[in-house]
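Asks: give me coordinates for this.
(4 chains)
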Number of protein chains: 2
Amino acid sequence: MSQTRQSNTGRSNTSSAILGILSTGPMSGYDIKAFADRSVRPFWAVSYGQLYPELKALAAAGLVAAEAQPRGSRRRTVYRLTERGQAALANWLAEPIEGGHELRDEMLLKLFFGDPLSPSQLQSFLRQMRRRHEEAAANLTKQEARLGSRAGALRLAVSRFGSEYHRFRADWCTRLLAEIQGGARR
Amino acid sequence: MSQTRQSNTGRSNTSSAILGILSTGPMSGYDIKAFADRSVRPFWAVSYGQLYPELKALAAAGLVAAEAQPRGSRRRTVYRLTERGQAALANWLAEPIEGGHELRDEMLLKLFFGDPLSPSQLQSFLRQMRRRHEEAAANLTKQEARLGSRAGALRLAVSRFGSEYHRFRADWCTRLLAEIQGGARR
DNA sequence: GGTACCATGTAACTCGTTACATGATTGT
DNA sequence: ACAATCATGTAACGAGTTACATGGTACC
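Replies: As a prediction, this is how the structure comes out:
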């Protein structure tokens, strides 16, 4: 009993994301949030409401170390990854993903029950979805350009995934639009 | 005060999914769950833990009507969509989706922080992901075939989305595998 | 003096899953 | 007898968001 937890097994992915971010260097909770918003945000959002409690839990588990580093009289706690934290991160990375890919896709849900919609309603719905995905794809493409070649191959690939994914969805909308057009004419 | 809720606005998507399922005909909670598992499951899972309480709430709101229809001495409650329920469903369908598409993608999260992985670990990770998506795509393709032309155009399209989506992800894995191969050789 | 940003936190809430409990019916 | 399936439910938990509260600092 009371076996010390030496891996991150059992912790949430968000907690691992925090460890991952801290593996780039020590920083404050605020910095972690900013880092997350600039990087993993499109596929893994992190909110303060989870971040600060989780940092405390990680510190209690010895995976990160907290150090007070006030700026002037503004309090500030900087966290750094401990060796055990680094091990936990490596551990999490090496673990296979369990359970399959649970989706929650409101667009598909509405379309599945979308028969009662009039053709024009359906059309405007699909056009709206398409526009959103096109915008998202454009934004991510821009972000990739900004990333340039400063980032590692994996980070670039992940970023590319984002724009390609939204492009995929936008194209799917286009195809479905064409299909219902054709069907209506027949 | 005490204004009767005449639309489904403010209710969860799961609640709308239930209304959508009931729009195909009256059925018991058990039947709804079975229906959901056969249809929307890949993009919108429904569990008993939500279903039964939600059915009570929908009945209380007057969107569905409950009728006791025991089979032998086994109790059974059959729900049907009321007119207000039908209106609520139509309403939900017509509402634009608010907020953008929040993803939670463990694969991308791991890859983003995947630099510490050895090339062979990375390779096996990507191959595993690819295999899973290929299997998922194959299953959904089979399901589409079973659906045949009995289903409406929208349902077919949604089902097609599923297999194409998994195919997209599998292909992305393949491309990334090729890329890291090439990079390692250089 | 105001605005934007740095910084940390918590309480309430929503959504959803998991595990359990209970019992009837049907088919082998 | 037994397993599978029909049928309904709840309690505990987990993950995550939102809204709020508080206060310092930098710059115009």
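Asks: now the one residue in chain A that gets nearest to DNA strand D, what's its secondary structure?
Replies: Residue of chain A nearest DNA strand D, by C-beta to the nearest atom of the strand: residue A:49 (2.4 Å). For every residue, glycine as well, the C-beta is placed using N, CA and C. Following DSSP: H, G, I helix; E, B strand; the rest coil, the label given to residue A:49 is helix.
Asks: for residue A:14, see how far away it is.
Replies: Distance, residue A:49 to residue A:14, using C-beta to C-beta, to the nearest Å: 11 Å.
Asks: of these two, which one has the most company?
Replies: Each of residue A:49 and residue A:14 had its neighbours counted (other C-beta atoms under 10 Å in any protein chain shown), and the higher figure belongs to residue A:14 (19 against 8).
Asks: any idea which helix or strand carries the more buried one?
Replies: Using DSSP states H and E, residue A:14 maps to helix A:13-22.
Asks: what's near enough to touch the residue nearest to the spatial centre of chain A?
Replies: Nearest to the mean C-alpha position of chain A, counting by C-alpha atoms, centre = their mean, stands residue A:44 at 1.8 Å. Applying C-beta atoms under 8 Å, 6 or more residues apart in numbering or on different chains, we find residue A:44 in contact with A:13, A:14, A:17, A:36, B:103, B:104, B:105, B:108, B:109.
Asks: neighbour-wise, which one of those residues leads?
Replies: Neighbour counts for the contacts of residue A:44 peak at residue A:17, which has 27 neighbours (criterion: other C-beta under 10 Å).
Asks: and that one, how far from residue A:90?
Replies: Distance of residue A:17 to residue A:90, given as C-beta to C-beta: 15 Å.
Asks: which parts of chain A are helices?
Replies: A:13-22, A:29-38, A:48-60, A:83-94, A:106-112, A:119-147, A:153-185 (DSSP state H).
Asks: format those as CSV; extra columns: distance to residue B:73 and mean pLDDT.
Replies: Formatted as CSV, the helices of chain A follow (distance: least, C-beta to C-beta, whole Å; pLDDT from 0 to 100):
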stretch, distance to residue B:73, mean pLDDT
helix A:13-22, 47, 98
helix A:29-38, 56, 98
helix A:48-60, 49, 97
helix A:83-94, 52, 97
helix A:106-112, 36, 98
helix A:119-147, 46, 94
helix A:153-185, 48, 93
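Asks: before we move on, back to that, got the buried residues for the helix holding residue A:14?
Replies: Across helix A:13-22, burial judged by 16 or more other C-beta atoms under 10 Å in any protein chain shown covers A:13, A:14, A:15, A:16, A:17, A:18, A:19, A:20, A:21, A:22.
Asks: could you dump those residues to JSON lines with distance to residue B:65?
Replies: JSON lines is the format used below for the buried residues of helix A:13-22 (distance: C-beta to C-beta, whole Å):
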{"residue": "A:13", "distance to residue B:65": "42"}
{"residue": "A:14", "distance to residue B:65": "42"}
{"residue": "A:15", "distance to residue B:65": "45"}
{"residue": "A:16", "distance to residue B:65": "47"}
{"residue": "A:17", "distance to residue B:65": "46"}
{"residue": "A:18", "distance to residue B:65": "48"}
{"residue": "A:19", "distance to residue B:65": "51"}
{"residue": "A:20", "distance to residue B:65": "51"}
{"residue": "A:21", "distance to residue B:65": "51"}
{"residue": "A:22", "distance to residue B:65": "55"}
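Asks: kindly identify which of those also come near chain B.
Replies: A:13, A:16, A:17, A:20 (C-beta under 8 Å from any C-beta of the partner chain).
Asks: now, the most widely separated pair of those residues?
Replies: A:13 and A:20 (9.8 Å; C-beta to C-beta).
Asks: quick check: neighbours shared by these two?
Replies: In contact with both residue A:13 and residue A:20: residue B:109, using C-beta under 8 Å, 6+ apart.
Asks: and DNA strand C, which of the ones next to chain B among the buried residues of helix A:13-22 reach it?
Replies: Among these, not one lies near DNA strand C by C-beta under 7 Å from any atom of the strand.
Asks: and of these, the nearest to residue B:137?
Replies: Taking those together and measuring to residue B:137 by C-beta to C-beta, the closest member is residue A:13, at 24.2 Å.
Asks: give the contact list for that closest one.
Replies: Residue A:13 makes contact with A:44, B:104, B:106, B:109, according to C-beta under 8 Å, 6+ apart.
Asks: roughly how far apart are the nearest residue to the second one once chain neighbours are set aside and residue B:152?
Replies: I take that to be residue B:104. In space, and not counting its chain neighbours, residue B:104 is closest to residue A:44: 6.2 Å by C-beta to C-beta, 6 or more residues apart in numbering or on different chains. Per C-beta to C-beta, residue A:44 is found 35 Å from residue B:152.
Asks: over to residue A:35?
Replies: 46 Å.
Asks: just name the most buried of the helices of chain A.
Replies: Comparing these by mean neighbour count (mean count of other C-beta atoms under 10 Å in any protein chain shown), helix A:13-22 comes out on top with a mean of 24.
Asks: is DNA strand D within reach of that one?
Replies: Yes - Helix A:13-22 is in contact with DNA strand D by C-beta under 7 Å from any atom of the strand, via A:13, A:14.
Asks: name the nearest residue to residue A:130, sequence neighbours excluded.
Replies: residue A:173 (3.8 Å).
Asks: for residue A:162, see how far away that neighbour is.
Replies: Taking C-beta to C-beta, one finds residue A:173 at 17 Å from residue A:162.
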